[in-house]
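Enquirer: Build me a model from this:
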Amino acid sequence: MNKFGILLTIVLFLAVCIPAFGTKVSGMVVDGNDIPLEYANVCAMLGKRSIAAFAATNSRGYFSLNLPDKGLFKITVSFIGYDTYTDTLTVAEKEIDIGKIILNPSSNEISAASIKEK
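Expert: The predicted structure follows:
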């Protein structure tokens, strides 16, 4: 086998094996009316400052995270105009569907601005 054949074999082996490591976490983000939220941010933190995975939801509100390890992760979901969702997730399986995450509209409002003529 020549060098090209060996290199091709190694690349194909890695392409098949690398996705087998880690855990796939998926779910859906919706609002209180069960309407999918597109481009909501989904983040999995390992510890206080280490981002393990990050994704944005698609047009149907679905997301998928590929976590590198098993363990305890902090999942945070945020979207402009909605309260941030935070929960912990213990990962021990290869694939987890956490179902629907419902974000509630934020109750923070900016007070009215008044414009006065000089």
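Enquirer: drop to CA atoms for contacts and neighbour counts, all remaining ones
Expert: Will do.
Enquirer: Could you pull up phi and psi at the residue nearest in space to the middle of the chain?
Expert: By C-alpha atoms, centre = their mean, the chain has its centre lying nearest to Val42, at 3.2 Å. Here is the backbone geometry of Val42 (degrees, to the nearest 10): phi -120, psi 120.
Enquirer: What sits closest to it if chain neighbours are left out?
Expert: Val77 (4.6 Å; C-alpha to C-alpha, 6 or more residues apart in numbering).
Enquirer: what's near enough to touch the one you found?
Expert: By C-alpha atoms under 8 Å, 6 or more residues apart in numbering, the residues touching Val77 are 40-43, 84-86.
Enquirer: got a winner among those residues for most neighbours?
Expert: Compared across the contacts of Val77, Ala40 has the highest neighbour count, 24 neighbours, by other C-alpha atoms under 10 Å.
Enquirer: Distance of Thr23 relative to Tyr39?
Expert: Applying C-alpha to C-alpha, to the nearest Å, the value for Thr23 to Tyr39 is 22 Å.
Enquirer: residue boundaries of the helices in this protein?
Expert: 3-17 (DSSP state H).
Enquirer: which intervals of it have sub-threshold pLDDT?
Expert: Counting by pLDDT under 70, the ranges of the chain that qualify are 1, 3-21, 109-111.
Enquirer: sorry, back to before: residues in contact with the residue nearest to the centre of the chain?
Expert: 54-57, 63, 75-78.
Enquirer: picking up where we left off before, which of the contacts of Val77 fall in strands?
Expert: 41-43, 85-86 (DSSP state E).
Enquirer: Need those residues in JSON lines (columns: distance to Gly99).
Expert: As requested, those are exported to JSON lines (distance: C-alpha to C-alpha, whole Å):
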{"residue": "Asn41", "distance to Gly99": "16"}
{"residue": "Val42", "distance to Gly99": "13"}
{"residue": "Cys43", "distance to Gly99": "16"}
{"residue": "Tyr85", "distance to Gly99": "14"}
{"residue": "Thr86", "distance to Gly99": "14"}
